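J.: I'd like to go over a predicted model; first the sequence, then the structure.
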Amino acid sequence: MGAANVIPGVSGGTIAFVTGIYERLIHSIKCFDSKALKLFLGRKFTELYKHTDAGFLAALMLGVVVALLTLARALKYGFEYHPVLVSAFFFGLIAASVWSIFKMVKQWSSGAVVGLVIGCAIAVSMAFLPQAQENQSIIYLMACGVVAMCSMIIPGVSGSFVLILMGNYNLIMVESLTKLGDMKFKEALTILVPVGIGAILGMAALSRLLSWLFKKFHDVAVATITGFVAGSLVTIWPWKTPRIQSFGDKEKVIGYDREIPVIDGYFWMAVLVMLGGVI
């Protein structure tokens with residue numbers, strides 16, 4: 001999940017869904033409620049551990065944090081020198097997962113079909129939205145955290161891609177995480193703390209909504225997620241050229257032009273990597 005969340009176009013929620021931990025994750029997050037607070041204040045830590053499924057969350061979050069700290073630098077290199085191959089691997093991974101999620105719908109109805117179409121349409125439309133400029137204000141960074149966490153939890157919607165649309169992907173996911181890895185804590189935390197606060201608020205709100213939807217409208221919810229995941233393939237299409245715009249002394253990606261690939265040796269290498277993702 002941590003690796004997926006670093007890569008624009010790939011959703012950590014998709015990874016959680018296809019590995020079978022998604023509903024457990026949503027339920028665990030939802031359990032950080034008033035009961036959990038009472039157990040904590042009453043120092044009933046064993047009951048709190050069981051109530052929140054803390055062992056599961058701790059293992060999961062440790063993996064996410066390690067991936068974020070180690071892969072931010074590696075993926076920066078990968079996207080700079082081999083963006084097609086990186087995207088091709090995750091394109092194959094997500095394409096293969098669509099059928100797995102599709103089969104989770106127990107009974108198809110008109111509501112499920114509508115959810116599938118709407119989910120797909122939203123995910124596809126996000127690929128063509130214009131990008132905002134970088135903004136380092138505390139309120140905007142908190143908003144980035146809220147929106148990015150919501151999109152990370154929803155399968156098929158990439159938190160990193162949303163940060164690109166909001167103009168702060170490079171600031172948060174590359175520069176700040178790289179500085180954290182380089183022990184430049186003050187510079188990194190100035191950005192990451194507001195983002196983290198927003199992420200916690202977004203996670204708390206969305207987990208309750210999603211838990212309720214899975215209980216009341218399971219098939220419609222899963223069908224909508226299937227649409228999100230299928231539509232996200234447009235976002236992560238490997239063959240695309242970034243549109244660059246200069247802001248003072250900096251150059252930033254403001255969007256992508258998707259292309260039909262040229263059939264050459266590099267194309268077949270990308271196809272092999274894509275098949276690796278499928279497998």
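T.: Sure thing, it's come through. Numbers count the residues shown, from 1 in each chain.
J.: For R43, which three-state class applies?
T.: coil (DSSP: H, G, I helix; E, B strand; the rest coil).
J.: burial count for it?
T.: 9 (other C-beta atoms under 10 Å). For the C-beta atoms, the positions are set from N, CA and C on the backbone; glycine is no exception.
J.: and it, what are its phi and psi?
T.: Phi and psi for R43, reported as degrees, to the nearest 10, are phi 60, psi 30.
J.: And it, how far from A199?
T.: 28 Å (C-beta to C-beta, to the nearest Å).
J.: same check, this time on W108
T.: 34 Å.
J.: quick one: which of the two has more around it?
T.: A199 (22 against 12).
J.: what about the helix or strand harbouring D257, average pLDDT?
T.: In this assignment (DSSP states H and E), D257 forms part of strand 250-258. The average of the pLDDT scores along strand 250-258 is 67.
J.: One more: stretch 237-244?
T.: On average, stretch 237-244 scores 81.
J.: what does stretch 165-185 give?
T.: Mean predicted confidence for stretch 165-185 is 78.
J.: end-to-end on it?
T.: 26 Å (C-alpha to C-alpha, to the nearest Å).
J.: List the buried residues of it.
T.: By 16 or more other C-beta atoms under 10 Å, the buried positions in stretch 165-185 come out as 165-177, 179-180.
J.: Isn't P155 up against T19?
T.: No. Proximity of P155 to T19 does not meet the contact threshold set by C-beta atoms under 8 Å, at 11.0 Å.
J.: Which one's more surrounded, the two?
T.: P155 (27 against 11).
J.: what's the burial count for the closest residue to that one other than its chain neighbours?
T.: Spatial nearest neighbour of P155, excluding adjacent residues (C-beta to C-beta, 6 or more residues apart in numbering): G13 at 3.9 Å. Neighbours of G13 under the rule other C-beta under 10 Å: 28.
J.: for G13, helix, strand, or coil?
T.: helix.
J.: how close does it get to S97?
T.: With C-beta to C-beta as the criterion, G13 and S97 are 11 Å apart.
J.: which residues of the protein score low on pLDDT?
T.: Residue ranges of the chain with pLDDT under 70: 6-10, 72, 76, 131, 151-152, 156-158, 245-255.
J.: what's the single longest helix in it?
T.: If you go by DSSP state H, the chain has its longest helix at helix 185-216.
J.: what comes up buried for that helix?
T.: Those would be 188, 191-192, 194-195, 198-200, 202-203, 206-207, 210-211, 213-214, for helix 185-216 by 16+ other C-beta under 10 Å.
J.: Now the helix or strand just after that helix - C-alpha only, PDB.
T.: Where DSSP H and E defines the elements, the next helix or strand beyond helix 185-216 is helix 218-235. C-alpha atoms of helix 218-235 as PDB (Å, rounded to 0.1, in the frame of the first residue of the first chain):
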ATOM      1  CA  HIS A 218     -22.500  -3.900  -0.200                       C
ATOM      2  CA  ASP A 219     -23.000  -4.800  -3.900                       C
ATOM      3  CA  VAL A 220     -23.500  -1.200  -5.000                       C
ATOM      4  CA  ALA A 221     -20.400  -0.100  -3.100                       C
ATOM      5  CA  VAL A 222     -18.200  -2.900  -4.500                       C
ATOM      6  CA  ALA A 223     -19.500  -2.200  -8.100                       C
ATOM      7  CA  THR A 224     -18.700   1.500  -7.700                       C
ATOM      8  CA  ILE A 225     -15.200   0.600  -6.500                       C
ATOM      9  CA  THR A 226     -14.900  -1.700  -9.500                       C
ATOM     10  CA  GLY A 227     -15.700   1.300 -11.700                       C
ATOM     11  CA  PHE A 228     -13.100   3.400  -9.900                       C
ATOM     12  CA  VAL A 229     -10.400   0.800 -10.400                       C
ATOM     13  CA  ALA A 230     -11.200   0.200 -14.100                       C
ATOM     14  CA  GLY A 231     -11.300   3.900 -14.800                       C
ATOM     15  CA  SER A 232      -8.000   4.500 -13.000                       C
ATOM     16  CA  LEU A 233      -6.300   2.600 -15.900                       C
ATOM     17  CA  VAL A 234      -6.600   5.800 -17.900                       C
ATOM     18  CA  THR A 235      -4.700   7.700 -15.300                       C
END
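J.: so what does helix 218-235 touch, helix or strand wise?
T.: Packing contacts for helix 218-235, counted by 3 or more C-beta pairs under 8 Å, 6 or more residues apart in numbering; DSSP states H and E, involve helix 12-18, helix 83-102, helix 110-126, helix 185-216.
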